[in-house]
Structures are given as C-alpha cells and as structure tokens.
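1. Predicted model, plus sequence, below.
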Amino acid sequence: MTSKFDRHRRLRSSAAMRNLVRENHVHIEDLIYPLFVVEGSNIKEEIPSMPGVYHFSLDMLAEEMKEIVAAGIQSVLMFGVPEFKDACGSEAYNDQAITQQAIRQIKESYPEMIVIADTCLCQYTDHGHCGVLHEGEVVNDETLKLLAATAVSQAKAGADIIAPSNMMDGFVIAIREGLDEAGFAHIPIMSYAVKYASSFYGPFRDAAHSTPQSGDRKSYQMDPANAREGLLEAASDVREGADFLIVKPALAFMDMVLRLRENFHVPIVAYNVSAEYSMVKAAAANGWIDEERIVMETLVGFKRAGADLIITYHAKDVAKWLTR
Ligand code: PBG
C-alpha cells in the first residue's frame, strides 16, 4: 500500500543518514578572523564588550599569529587602531603606521596567510567619521582620494585583499584605479557593498575607538529597512570592479545574503559583527545557551543563505570545534 503522505523522516533516521544528506557545511577555510592591533609593546588587552577578543601590540600579535596558524585559520582581517588621529585620517595612508606594520609583520612570518585590510578612515579620524568632513557633512569625492591612497599603502605593506568599508559612492572604482596605477592590478577588492547603519557595531566601536564624535553614519550607511537598495549598491560595486561582496551585519540581514547570492556570481561574504558575537558570549557566560551549538547553527545558516565566506570573531573557537 502506498503511503498517503511523504515520509521525510526516512532521511533523518540516524546520525550517519543525516550526515549523508546534509546540504551545507562550515569549513575552516570559510572563516576570516578579525584582528585589532595597537601601538606600544607587551599589550594584550581584552576588549570588555567582546570577551575573548583582544587588542594586540605587534610583539604580542606574533604570539597570537602562532595560535591562529596552528588552529588552521588561513585568513585574517586587519584593523589598526592608531594613537594619533587627525581630521583627514593621515595615519590610514602612512606607510609606517600601525596597520601597515602589522600587515608587513604577518606577511613576513606567514607568507601563505591571506591578510585582508579593512580600508576605512573612521579609526584614523579625530571626529570618528568614515570620511573627511565639510561643515559637519562627510564629503564623498574628496574622501575617495584618501581611500585610494590608504588602499595603495596597505597593498604596498603586503595586503592580499583590500576591503573598503566606508560606503562612499564610487569607492570601488576609485580604489581599483589607485591600485592599478600603483602596480597592484592583481590585488582583489572585497567590498562592503551592503552595509547597514546598524546598532550591531557597538562593541566594535569600543574596540576600534571609532565612534563618531557627533552625528551618526546614516548619510552613508544603509537604512536597515531597505533591501532593493542593497541590490543597487551591490550592482554598482560589481560594475566598478568588486571581486567579493560583503553583507554586514549578517544575522538580521540573511535575506540580503540570499538576494546577493541569487543576483551575482562573485563570492559572497557574511560579516558576523561584534554585537552578534557579544550577545552570544553574554548569554553563554550566564549559562543560558549552548555556545557551540548556537554558533555552529548561526554559521551554517549563513552558508545556507548563500555565503561563501564568513568574517567572525568566533573563528578560533570554531576551528577548534571543527578539528576536535
Ligand atoms: C569601519 C568598520 C566598522 C565595522 C567594521 N569596519 C564599524 C562601522 O562601520 O561603524 C564593524 C564591525 C563589527 O561590528 O564587528 N567602518
């Protein structure tokens, strides 16, 4: 007698059967681990709102890199936090600044490591905005020149990928042309194409000391209510030469990961941002959730939505869980 209904449970009957039909997996190679580097020496300071994430001085970064490499992580995202800040973020495009030094140091010790440079001005400006200000407004086209100079300086230091995150219009083409002219036509651009003006960056801004001193970022980052606009942003970036597209934040914007996956054929990157991390850590510290299972379910969710790569502060833990 044929059944009158479908028996979906047949394929869930044992762990081996479930393994057999699993559609998505998280691999260590999918993970990109963010690093925060500061000036000085002998500094390894935990970021209070991000337990397990630290500020490293260059000497202590060397120790950390050993752990990262041993864990099997093959790409890092570099954030330099300079002491000196000014109105036009000059440390961003100073070849001797902390970010450039950190990139050089990692590439010297670990030439195989993919070092991705976050290319923005907000950590470097005294006002904390992602571009230069004119009468309190972030001005687009003037900022582009500085961004291109920053990207070139990072590429000179050895960055393998340039990741512009400041959401100026035309930032991808400005950086592409800058890199090409400086002899870096081979360096790819991972664009923060769909980046929202989000409250989920709070802990990061503590970490990067990059909170705007006045106003907010809503005139350049996207309104969380908008989806179609994200497709326009992504289309511009692909046309201008983006080799990867980032969706940021990831958790509340998984539909955008799926939309980009369905509309573009470049690799899609989900940025599992700071508050997504901090919320999990806080709940886990209280014993309210099972940290490993929550994190793995979240990350496989990004893969299921269509992400190829995941930028996540959980990367070191995940690498351990995956190789246990
Ligand atoms: C720089 C930048 C930010 C983040 C990554 N690059 C902050 C912002 O745009 O305000 C946030 C990352 C995170 O929250 O983990 N513009």
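-> Right, received. Where do you want to start?

2. Now the terminal residues of stretch 185-205, how far apart.
-> Terminal residues of stretch 185-205 lie 32 Å apart, using CA to CA, to the nearest Å.

3. can you give me how far it is from the chain middle?
-> 6 Å (CA atoms, centre = their mean, to the nearest Å).

4. Which of the helices or strands spans the closest residue to Glu292 other than its chain neighbours?
-> Nearest non-adjacent residue to Glu292, counting by CB to CB, 6 or more residues apart in numbering: Trp321, 5.6 Å away. All C-beta spots, glycine's among them, are computed from the backbone N, C-alpha and C. Per DSSP states H and E: Trp321 is located in helix 315-322.

5. now the helices: where do they sit in the stretch 1-150 of the chain?
-> Under the criterion DSSP state H, counting those that start in this stretch, the stretch 1-150 of the chain contains helices at 15-21, 58-71, 98-109, 140-157.

6. contacting residues around the third one?
-> This means helix 98-109. 35, 37-39, 58, 61-62, 65, 76, 78-82, 91-92, 94, 113, 115, 117, 153-154, 156-159 (CB atoms under 8 Å, 6 or more residues apart in numbering).

7. got the contact list for Ile246?
-> For Ile246, the contacting residues are 163, 165, 190-195, 268-271, 311, by CB under 8 Å, 6+ apart.

8. Out of the residues you listed, who's the most crowded?
-> In terms of neighbours by other CB atoms under 10 Å, these top out with Ala193 at 33 neighbours.

9. Need the three-state assignment for that one.
-> Following DSSP: H, G, I helix; E, B strand; the rest coil, Ala193 is assigned to strand.

10. Do I have it right that it meets Leu245?
-> Yes - between Ala193 and Leu245 there is a contact at 4.4 Å, judged by CB atoms under 8 Å.

11. Need the overlap of contacts for these two.
-> Shared contacts of Ala193 and Leu245, defined by CB under 8 Å, 6+ apart, are found at 234, 237-238, 260.

12. Now for the contacts of Ile246: which two are most distant?
-> Ser165 and Ile268 (15.8 Å; CB to CB).

13. For the ligand, tell me whether the worst-scoring helix or strand of the chain on mean pLDDT is touching it.
-> Ranking every helix and strand in the chain by mean pLDDT, DSSP states H and E puts helix 202-208 at the bottom, with a mean of 88. Yes - residues of helix 202-208 contacting the ligand under CB under 6 Å from any ligand atom: 204-205.

14. quick one: that helix to chain centroid distance?
-> Per CA atoms, centre = their mean, the centroid offset for helix 202-208 relative to its chain is 13 Å.

15. circling back to that earlier point, and the helix holding Trp321, how far out from the chain middle?
-> Put simply, helix 315-322 sits 17 Å off its chain's centre (CA atoms, centre = their mean).

16. quick one: that helix to helix 58-71, angle?
-> Interaxial angle, helix 315-322 versus helix 58-71 (axes from the mean of the first three to the mean of the last three CA atoms, to 10 degrees): 20 degrees.

17. Can you tell me how far Asn140 is from the ligand?
-> Distance of Asn140 to the ligand, given as CB to the nearest ligand atom, to the nearest Å: 15 Å.

18. no, scratch that, I was asking about Ala197
-> Taken as CB to the nearest ligand atom, the span from Ala197 to the ligand is 8 Å.

19. Which pLDDT value goes with Pro212?
-> Listed pLDDT for Pro212 reads 83.

20. go on, Glu291?
-> Looking at Glu291, its pLDDT reads 98.

21. Let me see the contact set for the closest residue to the ligand within the stretch 1-150 of the chain.
-> Going by CB to the nearest ligand atom, the ligand is nearest to Cys120 of the stretch 1-150 of the chain, at 4.0 Å. By CB under 8 Å, 6+ apart, the residues touching Cys120 are 92, 130, 147, 150, 164-166.

22. how about 6 Å then?
-> Each residue near Cys120 by CB atoms under 6 Å, 6 or more residues apart in numbering is listed here: 130, 165-166.

23. Spell out which parts of the stretch 101-250 of the chain neighbour the ligand.
-> Near the ligand, when you scan the stretch 101-250 of the chain using CB under 6 Å from any ligand atom, you find 118, 120, 122, 130, 165-166, 201, 204-205, 217.

24. swap the cut-off to 5 Å and go again
-> Residues of the stretch 101-250 of the chain lying close to the ligand (CB under 5 Å from any ligand atom) are 120, 122, 165, 201, 204.
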